[in-house]
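1. Fold the following and give me the result.
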Amino acid sequence: MELSEVLRRRRMVRSFEDRPLPAGVLDALLQSAVRAPSAGFTQGWAFVALEGHDQTAPFWDHTLPEEDRAGFAWPGLLNAPALVIPLAHKDAYLARYAEADKADTALAVEAEWSVPYWDVDCAFATMLMLLTAVDSGLGALFFAIARGREELLADLGVPAGYRPIGAIAVGYPAIDDRPSHSPRRGRRPLDDVVHRGRW
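-> The predicted structure follows:
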């Protein structure tokens, strides 16, 4: 698929068919993720990949307990055959920018970082997974881990210092998948967001 077509088709899918991914597809998404750019080539990310009901069910048990599912607006989300939790590792960036080739840059001091590049780089990697899902004929959703985060990370054995920026659900979009109401607002025109030469 051409990149322009992947970009046009990319949307957030909230309901999935209850069927497994083809062999190797999840690995392809993760291979794309590690191609993301990163400050100082730190690559300060990690990914917990969960595939199949046995691995995804505990995620939902922590983040959306059984007793809360009856009123959940997107029950088909729980059918996703794979979940990826992208984790940012701030300490990796601080250590990288303390190395000899970076120690004399402004970013050697944490207070000088204009934005937390550990989160930015993890988000770059996440977007590459979302685009690879579309290119593979699948759907995906990036969503916040709103509840049960600490218990989930402990259950998964995630070391201290790694923080999830959210989670990605991947699978085949279900026929009953209904888009969020948010896109009805319309995409902002390019002239509203681009300021050429100056604001």
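
2. who's in contact with stretch 86-100?
-> Stretch 86-100 is contacted from outside by 33, 39-40, 42-48, 102-103, 105, 107-108, 110, 113, 116-119, 121-123, 125-126, 129, 158, 161-168, using C-beta atoms under 8 Å, 6 or more residues apart in numbering. All C-beta atoms are positioned from the backbone trio N, CA, C, and that covers glycine.

3. Could you write me a ChimeraX select line covering just the buried ones among those residues?
-> The buried residues among the contacts of stretch 86-100 can be selected in ChimeraX (16 or more other C-beta atoms under 10 Å) with this line:
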select :33,39,40,42,43,44,45,46,47,48,102,107,113,117,118,119,121,122,123,125,126,129,158,162,163,164,165,166,167,168
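
4. Which of the contacts of stretch 86-100 fall in strands?
-> 45-48, 162-164, 167-168 (DSSP state E).

5. Nearest to Gly24 among those residues?
-> Phe47 (15.9 Å; C-beta to C-beta).

6. Spit out the contact partners of that closest one.
-> Taking C-beta under 8 Å, 6+ apart as the test, what Phe47 contacts is 30, 33, 84-87, 125.

7. Let's see that with 7 Å instead.
-> 30, 33, 84-87 (C-beta atoms under 7 Å, 6 or more residues apart in numbering).

8. Okay, and the beta partners of it?
-> Pro86 (DSSP bridges).

9. Show the pLDDT at it.
-> Residue-level confidence at Phe47 comes out at 98, pLDDT.

10. any idea how far Tyr97 is from it?
-> Using C-beta to C-beta, to the nearest Å, we find Phe47 at a distance of 23 Å from Tyr97.

11. And for Asp135?
-> The value you get for Asp135 to Tyr97, if C-beta to C-beta is used, is 34 Å.

12. Kindly report the same for Val194.
-> 32 Å.
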